[in-house]
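Asks: Quick check, what structure comes out for this input:
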Amino acid sequence: MFSVYSYSIAGLLVICLTVFIQNIVAAVAHRKQSTYVPGKVSEELSHDSFVFRSHRTFHNSLENVHQFTLPALFCMFLGASTGILAALIWVYALCRIIHMALYYAIATEKNPSPRSYFYMLGVICNVAVFILAFSQLFA
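Replies: Just a heads-up that it's a prediction; the model follows:
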């Protein structure tokens, strides 16, 4: 039934794998500190700390992943266009990967930062997936 959505499913797996990798990176960065409390990032840390950036990258993905993946799955259940859905999922996946790489690499408090543009492109993909799902629901 879902074989027509294999490209979309592969993209969703990449998104999930990205969040999993972020979890590992954040945990390792956190554990490498000379002093740490498990599960708590010091409030004194900011963007100049990789521990802070890796933690925020992971939590940002946690805050956003379900808002994208669930509507994408609903699109599959509703029979949305395979090509459009796959394109939206892969653009979103690439945006999240680039967002992650920029967050890891650039320590800045500046807003918008370069990562903000990829975050916003991901938000646009998210809105488009919601529109696609609702258009299928009411078609």
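Asks: Now residue 95. Nearest residue, chain neighbours left out?
Replies: Sequence neighbours aside, residue 122 is the residue nearest to residue 95 in space, at 4.0 Å (criterion: CB to CB, 6 or more residues apart in numbering). Where you see a C-beta, it was placed from the backbone N, CA and C, and this is true even at glycine.
Asks: Check that neighbour and give its pLDDT.
Replies: On the pLDDT scale, residue 122 is placed at 97.
Asks: secondary structure class for it?
Replies: helix (DSSP: H, G, I helix; E, B strand; the rest coil).
Asks: 407 is where my numbering starts, stick with that
Replies: Happy to do that; since the first residue is 407 now, the last one works out to residue 528.
Asks: Quick check: it vs residue 511, distance?
Replies: The span separating residue 528 from residue 511 equals 18 Å under the rule CB to CB, to the nearest Å.
Asks: where do the helices sit along the chain?
Replies: Ranges of helices within the chain are 412-437, 456-484, 488-511, 520-543, based on DSSP state H.
Asks: What are the buried residues along the third one?
Replies: Think helix 488-511. For helix 488-511, the neighbour count (16 or more other CB atoms under 10 Å) marks 491-506, 508-510 as buried.
Asks: what does the first one give?
Replies: Judged by neighbour count (16+ other CB under 10 Å), helix 412-437 contains these buried residues: 414-415, 417-418, 420-421, 424-425, 428-429, 431-432, 435-436.
Asks: Could you tell me which other helices and strands it packs against?
Replies: The helices and strands touching helix 412-437, judged by 3 or more CB pairs under 8 Å, 6 or more residues apart in numbering; DSSP states H and E, are helix 456-484, helix 488-511.
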